[in-house]
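Q: Curious how this folds, go ahead:
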Amino acid sequence: MSRNLNRRQLLQLGAAFPAIMTAQSRPQQNVLFIALDDLNAHLGCYGDALSQSPNIDDLARSGVRFDRAYCQFPLCSPSRSSLMTGLRPDSTRIYELTTHFRQTVPDAVTLPQLFKQNGHFTARVGKIYHYGVPGDIGSCGLDDWKSWNQAVNPRGRDKDEESLLTNYTPKRGLGSSLSFLAAEGADEEQTDGICATEVIRLLEKHRNAPFFIASGFYRPHCPYIAPKKYFDLHDLGRIRVPKVPTEAERKLIPDNALFSTRPWPWFGVAESEAAKSILAYHASISFVDAQVGRIVKALRRLQLWENTTVVLWSDNGYHLGEHGLWKKQSLFENSARVPLIIAGAGVTVPGRVCKRTVELLDIYPTLADLCGLSAATHLEGASLRPLLSDPSAEWKRPAYTQVKRGNAPGYSVRTERWRYTEWGGGASGLELYDYETDPEEQKNLVAVPEFQAVVSEMKGLLRRIAGSQRANKR
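A: Model prediction:
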């Protein structure tokens, strides 16, 4: 079957081939699906010396940590819509924060919907599909009712205490601000603390039936709110704000590559304010890490570890000053790369690190594979099951990430060594970075003569996916 399917074929396949297995032939397998919002790879298990993330680090030691995992679009709704449908953004046609994917691919069978069709209890607590944070906390956001048997929308004191925030960017909305609060009170009073409590209740109630339970945390998304004790874990004196590109370096970077932060650099805040914002981001990570720990501890207490696959992921990466940028929506590594950990059932040799390039798209087919469910054949990712057995196994799939920039969209392809990016099909800029010699992406090599063979190879990889996407949109 051709992989270059048009949109009508995608919809027909989605409707015709849920290919549900019978309960008798399916192993009773559970999924605990842990999503974190705007979490980059600043975690201890990923080598970050400042991070205080002991519970996520422990989960990584219990499973496989993917060192080169990438989102398909570094913005909440496009990324989550892609992961949950198993389709690339150019197939879902979700590029912003307001359009629901059911408007563009109405017959898509989502990841939890597949489990629901196969007799699993499916539930969501918090943000799995897109929510505006903090504005939509306590609501359903852009939820999908077909995906769940039950949904819970937690709302904590953080939503009520926004007037107490320190906000360095008051002209920006809170959802894209540099603002923070070292809060009073207990973890369980915060929205994410309530989220963990509700997930544990669901685990306890449904422990004896197959389940797909999704825990959608809201942090470390801004505003960076966490109980004060998590701020106290971090030393401001150790925070270093990344240097902005020199004038010579900036001349080699296309304007679109730096467009996601205006004013540039750092939204115009002072370096001291940027440092305090970085500390607050780390405090938010430490807080949500503690909530992950509560859930995993409950899973083990209920003796569910051996037959539950645990997936921890983030919808996109996050800049903390690199290249003068903040937040997401760039095609640099800090924005495109995400943490991804798979543990529990399906992991034969825990404590391993996989350095293959993988995508969030791969989560859908992986979980279907591990749990014995046959998903529709049009999914655009691939099962990671071979890499869970042998993280160094041969794997020839690169990772693709894209963003919108008006009439000059950006498309980027990442291999284990290189990233190649085109803006506006190349007419608005090109980039090539070598991560063996330049992990901080300071030297754009695209015009250097000795690297033209690499440029040609990477261009071919990008054209391969671009051609497929053009066919899907016809």
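
Q: Under the pLDDT cut-off, which ranges of the stretch 1-150 of the chain? List them.
A: 1-28 (pLDDT under 70).

Q: Going along the chain, name the helices of it.
A: Assigned by DSSP state H, counting those that start in this stretch, the stretch 1-150 of the chain shows helices spanning 7-16, 54-61, 76-85, 89-92, 111-117.

Q: buried residues in stretch 209-222?
A: Residues of stretch 209-222 classed as buried by neighbour count (16 or more other C-beta atoms under 10 Å): 210-222. Glycine gets a C-beta too; all of them are placed from N, C-alpha and C.

Q: Repeat that for stretch 441-460.
A: Neighbour-count burial for stretch 441-460 [16+ other C-beta under 10 Å]: 441, 444-446, 454-455, 458-459.

Q: Nearest to Asn167, out of these: which one, please.
A: Glu441 (29.8 Å; C-beta to C-beta).

Q: Now do the nearest residue to the closest one once chain neighbours are set aside, the pLDDT please.
A: With C-beta to C-beta, 6 or more residues apart in numbering as the criterion, Glu441 has its nearest non-adjacent residue at 4.6 Å, and that residue is Tyr433. As predicted, Tyr433 sits at a pLDDT of 98.

Q: List the beta-bridge partners for Tyr433.
A: On the basis of DSSP bridges, Tyr433 is bridged to Arg419.

Q: change the start of the numbering to 3 and stick with it
A: That works, and once the first residue is 3, the last one we named lands at Tyr435.

Q: Quick check: the gap between it and Met460.
A: As judged by C-beta to C-beta, to the nearest Å, Tyr435 and Met460 stand 10 Å apart.

Q: Would you check how far apart Ile139 and Val107 are?
A: Distance from Ile139 to Val107, by C-beta to C-beta: 27 Å.

Q: Please read the previous query as pertaining to Ile241.
A: From Ile241 over to Val107 (counting by C-beta to C-beta), the distance is 43 Å.

Q: thinking again about what came up before, go through the helices of the stretch 3-152 of the chain and name the closest to Gly427.
A: helix 91-94 (13.7 Å).

Q: name the helices or strands packed onto that closest one?
A: helix 78-87, helix 454-475 (3 or more C-beta pairs under 8 Å, 6 or more residues apart in numbering; DSSP states H and E).

Q: mind listing what Leu183 touches?
A: Applying C-beta atoms under 8 Å, 6 or more residues apart in numbering to Leu183 gives the contacts 160, 163, 166-168, 225-228.

Q: same thing but at 7 Å, please
A: 163, 166-168, 225, 227 (C-beta atoms under 7 Å, 6 or more residues apart in numbering).

Q: a markdown table please, covering those and showing pLDDT, secondary structure and distance to Glu382.
A: Below are the contacts of Leu183 laid out as a markdown table (pLDDT from 0 to 100; DSSP: H, G, I helix; E, B strand; the rest coil; distance: C-beta to C-beta, whole Å):
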| residue | pLDDT | secondary structure | distance to Glu382 |
| --- | --- | --- | --- |
| Glu163 | 97 | coil | 42 |
| Leu166 | 98 | helix | 44 |
| Leu167 | 98 | coil | 40 |
| Thr168 | 98 | strand | 42 |
| Pro225 | 98 | coil | 34 |
| Ile227 | 98 | strand | 36 |
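
Q: Return the closest of those residues with respect to Val33.
A: Ile227 (28.7 Å).
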